[in-house]
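S.K.: Using only what follows, build the 3D model:
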Amino acid sequence: MVQNGILENFSIDDYGCLRFYNRICVSDVSKLKELIFREAHDSLFALHPGGTKMYRDLLESYWWPGMKRNVVEYVAKYLTCRRVKAEHQVSTGLLQPITIPEWKWNCITMDFVTGLPLSASWERYLPLAEFAYNNSFQSGIQMAPYEALYGRRCRSPICWMKLSERKMIMPELIQETEDIVKKIRDRLKIAFDRQKSYADLKRRDIEYSIGDKKIHDVFHVSMLRRYRSDPSHVISTEDIEIQPDFSYEEKPVEILAHEVEELRNK
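M.R.: Now for the predicted structure:
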């Protein structure tokens, strides 16, 4: 049907692979989809993106019916993400969007990461976290930050595109860069305005004076999140032998990190 042109937008490449809008059509095989999800979500090049980022990253290379629903379900059932995902209550005051930069590198911001484990081995994964963030889809600019800076996505195991040489003279390169920057600024303006309009619906402008009492955030039942069951979350229990003095023998379950330190002999 594809070769006869009956199915529109479908084609077969030189390797005999079925494609839809030049994206690989994935067969309805659960193990194959699970493998793709693990590479796009659990691998060191991904570092657990959210449902939207993961879907947009996969959409550039793969397609199958109901893919977005499958991605959302996979992320929702991932227990680690459910435990560490931050929940925020509505803050007081109207939302104040940040200023949109005029050009690349015009404004540089810094994020502080807290709550890291005490193990001395986590810092080796920081470059991977930086790569995963800069090479994943950002809804505000409708592209990856790496693509916004350099004009294309950086190749990764889940998105391995072909590189081609582009020969452009300086005026054309400047014009193309200006068009991209303008497009990004317009998208950021739309995203900020939309975010502010939604946020201010449940906020009110408030001013504090000297001597006013403030209420700090406390735990509330509204911060509880819905749990989505999954067979992989079931933890098997083992019988523990209790001593007469109600003590028991502790056994290590898993080594989370290790470090080798060489002492210099004097």
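S.K.: ranges for the strands of this protein?
M.R.: Ranges of strands in the chain, per DSSP state E, are 10-12, 18-20, 23-25, 62-63.
S.K.: Go through those strands and name the closest to residue 199.
M.R.: strand 62-63 (33.9 Å; Cβ to Cβ). Bear in mind the C-beta positions are built from the backbone N, C-alpha and C, glycine included.
S.K.: Give me the distance from stretch 122-135 to the chain's centre.
M.R.: Relative to its parent chain, stretch 122-135 has a centroid offset of 12 Å by Cα atoms, centre = their mean, to the nearest Å.
S.K.: An error on my part: the question was meant for stretch 36-44.
M.R.: 11 Å.
S.K.: Please apply the same query to stretch 70-79.
M.R.: The mean C-alpha position of stretch 70-79 is separated from the chain mean by 13 Å, Cα atoms, centre = their mean.
S.K.: How about stretch 73-83?
M.R.: 12 Å.
S.K.: And the contacts of that stretch?
M.R.: 37, 41, 48, 50-51, 54, 225, 227-230, 232-233 (Cβ atoms under 8 Å, 6 or more residues apart in numbering).
S.K.: and which of those residues is nearest residue 265?
M.R.: residue 48 (43.6 Å).
S.K.: How about the closest one: what's its closest non-neighbour residue?
M.R.: residue 81 (5.5 Å; Cβ to Cβ, 6 or more residues apart in numbering).
S.K.: What distance do you get for the one you found to residue 110?
M.R.: 25 Å (Cβ to Cβ, to the nearest Å).
S.K.: who's more crowded, these two?
M.R.: More neighbours surround residue 81 than the other of residue 81 and residue 110, with 15 against 4 (other Cβ atoms under 10 Å).
S.K.: how close does the more buried one sit to residue 46?
M.R.: With distances taken as Cβ to Cβ, residue 81 is found 12 Å from residue 46.
S.K.: thinking again about what came up before, just the buried ones among the contacts of stretch 73-83, please.
M.R.: When neighbours are counted using 16 or more other Cβ atoms under 10 Å, the contacts of stretch 73-83 contain these buried positions: 37, 41, 48, 50-51, 54.
S.K.: Max pairwise distance over the residues you listed: which two?
M.R.: Taking Cβ to Cβ, no two of the buried ones among the contacts of stretch 73-83 sit farther apart than 37 and 50, at 13.4 Å.
S.K.: Would you map the helices across the stretch 151-266 of the chain?
M.R.: 170-199 (DSSP state H, counting those that start in this stretch).
S.K.: Okay, now the unreliable bits of it?
M.R.: 158-169, 206-227, 266 (pLDDT under 70).
S.K.: circling back to that earlier point, any common contacting residues for residue 37 and residue 50?
M.R.: Common neighbours of residue 37 and residue 50 (Cβ under 8 Å, 6+ apart) do not exist.
S.K.: Let me see the contact set for the residue minimising distance to the centre of the chain.
M.R.: With distances taken as Cα atoms, centre = their mean, the residue of the chain nearest its centroid is residue 49 (2.2 Å). By Cβ under 8 Å, 6+ apart, the residues touching residue 49 are 40-41, 57, 132, 136.
S.K.: In helices, which of those fall?
M.R.: Judged by DSSP state H, those include 40-41, 57, 132 as members of helices.
S.K.: For residue 251, state which of those residues is nearest.
M.R.: Checking those one by one against residue 251 (Cβ to Cβ), the nearest turns out to be residue 41, at 31.6 Å.
S.K.: Give me the local confidence score for the closest one.
M.R.: Listed pLDDT for residue 41 reads 89.
S.K.: Contacts only, for it.
M.R.: Here residue 41 is in contact with 48-49, 54, 74-75, 78 (Cβ under 8 Å, 6+ apart).
S.K.: hmm, 6 Å instead?
M.R.: residue 54 (Cβ atoms under 6 Å, 6 or more residues apart in numbering).
S.K.: do you know how far it is from residue 48?
M.R.: On the measure of Cβ to Cβ, residue 41 and residue 48 end up 6 Å apart.
S.K.: Ok, residue 65 next?
M.R.: Taking Cβ to Cβ, one finds residue 65 at 25 Å from residue 48.
S.K.: Cool, thanks, signing off.
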